[in-house]
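Asks: Build me a structure from this.
(one chain, ligands or ions: 1)
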Amino acid sequence: MSGAGGARFEPDRLDDQAYLVEGDPSGVLRSVASSAAQVRAAYRSAVENGVARVGRDGRPRAIVVAGVGASALVGDVLEALCRYGAPVPVVTVRGHRLPGWVGAADLVIAVSRSGRTEETVAATAEAVRRGCALVGAGAPDTPLSALVERAGGPYVPVGGATGVAGQPRATLWSLMVPPILAAAALGLLPAGESEFESVAKRLEDLAHRCRPSSESFINPGKTLAMDLAGTLPVIWGTSPLAAVAAHRLADRLSEDAGYPAIWGELPEAAHNQIVTFDGPLAGRDIFADPFADEAGEGTRLRLFLLRDVEEHPQVTRSRTAAVRLAEDRGVPVSEILAEGVHPLDRLAALVGLCDYASVYLALGYGTDPASAAAATELQARISQ
Ligand SMILES: O=P(O)(O)OC[C@H]1O[C@@H](O)[C@@H](O)[C@@H](O)[C@@H]1O
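Replies: This is a model prediction of the structure:
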């Protein structure tokens, strides 16, 4: 199977231990394996750095999470966790400006692994000017940490005190824990040491099952990578939380592997994206050579359903019907089931597996999963 840049997916690479080391010089697989350690260290660091202080002055009118990329997904996770049970709305801002209504009654949570991302720093500076309460998570001694500290808010260092290195997408769990603990301190959701320990155990279990030395036929991360390879993935979550996992997988596929995907959420996706099952990329191309070298030849849709344990009953009906419809149209389907009771546990089950699959997909195509060259080049061009 060949990729748009002419790269060919070689399943044998996934069981070649020497290649998995050489092909991943920055240790992206190791960073995925560090997810459990990130949760534990970030919990300790968030407690030590006084995130619970946000609860002292009562609840804010709204919570705004400022961030882009993986850091913005932290806001989406918080929104999904709070959506149905919390009396405070959560909004994610992925840009330079805050909405006009944000003011001194609101809490702004600034998230940036580097602590230097232009959009996040600009939105946070605006929050300081408007007198918002602030919490931050990201690299210490940066423009972001200076802003949050100047406003008197707690700032949880990521990449310094927690010892986690690497790209923002590799530190999702480090960045996610402090905002969730802040929301817990405000009484918006139950999350404390035992919940985070359970999440860490689940991520540890996944790291064991998806470890590089585990062979493809029993390794769920490698199996999912092989299902993804050569397809145009349509990734749907069956709950708000599972949809964040779908978004996460699509983003990681782009950044790790340069691989495109469509993501969506049921029931919304059943109103629009499902029509692609009748489109030009649906169905099996009986004439295509699955191992052709020509770019894009034979690429066909495949539906990936990230299934939450808790689904609206109508979503369950929609999902079941969508699977049948996909099968009728010759669109193959892969279903990935969340496990666990606490929503964070379920999120960990989905994100933990998908993170491995994305990195294995990159390695199967011979792509360095750390490079993300086009994103770096674009940032360089606009900063000139
Ligand atoms: O978390 P920070 O450092 O603000 O980065 C935010 C985003 O920036 C982009 O340019 C990429 O690097 C993404 O992987 C990252 O998630």
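
Asks: Pretty sure Leu20 sits against Cys210.
Replies: No. The pair Leu20 / Cys210 is not scored as a contact, 11.9 Å apart, by CB atoms under 8 Å. Heads up, the C-betas are built off the backbone N, CA and C, glycines and all.

Asks: ok, the two, which is more surrounded?
Replies: Neighbour comparison, Leu20 and Cys210: the larger count goes to Cys210, with 25 against 17 (by other CB atoms under 10 Å).

Asks: Which pLDDT value goes with the more buried one?
Replies: With respect to pLDDT, Cys210 scores 98.

Asks: Mind listing residues that contact stretch 325-342?
Replies: Residues from elsewhere that reach stretch 325-342 (CB atoms under 8 Å, 6 or more residues apart in numbering): 190, 195, 198-199, 202, 224, 227, 231, 234, 242, 245, 274, 277-278, 282-284, 300-309, 323, 345-350, 353-354.

Asks: Quickly check: whatever helix or strand Leu347 lives in near the ligand or not.
Replies: In the assignment (DSSP states H and E), Leu347 maps to helix 343-364. No. Helix 343-364 lies out of reach of the ligand by CB under 6 Å from any ligand atom, never closer than 12.4 Å.

Asks: any idea of the mean pLDDT in that helix?
Replies: Averaging pLDDT along helix 343-364 gives 98.

Asks: which element follows it toward the C-terminus?
Replies: Toward the C-terminus, helix 343-364 is succeeded by helix 373-382 as the next helix or strand (DSSP H and E).

Asks: Against which helices or strands is that next one packed?
Replies: For helix 373-382, there is no helix or strand it packs on, judged by 3 or more CB pairs under 8 Å, 6 or more residues apart in numbering; DSSP states H and E.

Asks: Run through the residues of the protein sitting next to the ligand.
Replies: Residues of the chain lying near the ligand by CB under 6 Å from any ligand atom: 68-71, 112-114, 117, 120, 167-169, 255, 375, 379.

Asks: Max pairwise distance over those: which two?
Replies: Within these, two members stand farthest from each other by CB to CB: Thr120 and Glu255, at 17.3 Å.

Asks: So for the two, which residue has more residues nearby?
Replies: Comparing Thr120 with Glu255 by neighbour count (other CB under 10 Å), the higher total belongs to Thr120, at 31 against 23.

Asks: count of residues packed around Pro168?
Replies: For Pro168, the count of nearby residues is 25 (other CB under 10 Å).

Asks: That one: what's it in contact with?
Replies: Per CB under 8 Å, 6+ apart, neighbours of Pro168: 69-71, 112-114, 175.

Asks: just the residues you listed now: which is nearest Tyr360?
Replies: Comparing these against Tyr360 with CB to CB picks out Ala70 as the nearest, at 18.6 Å.
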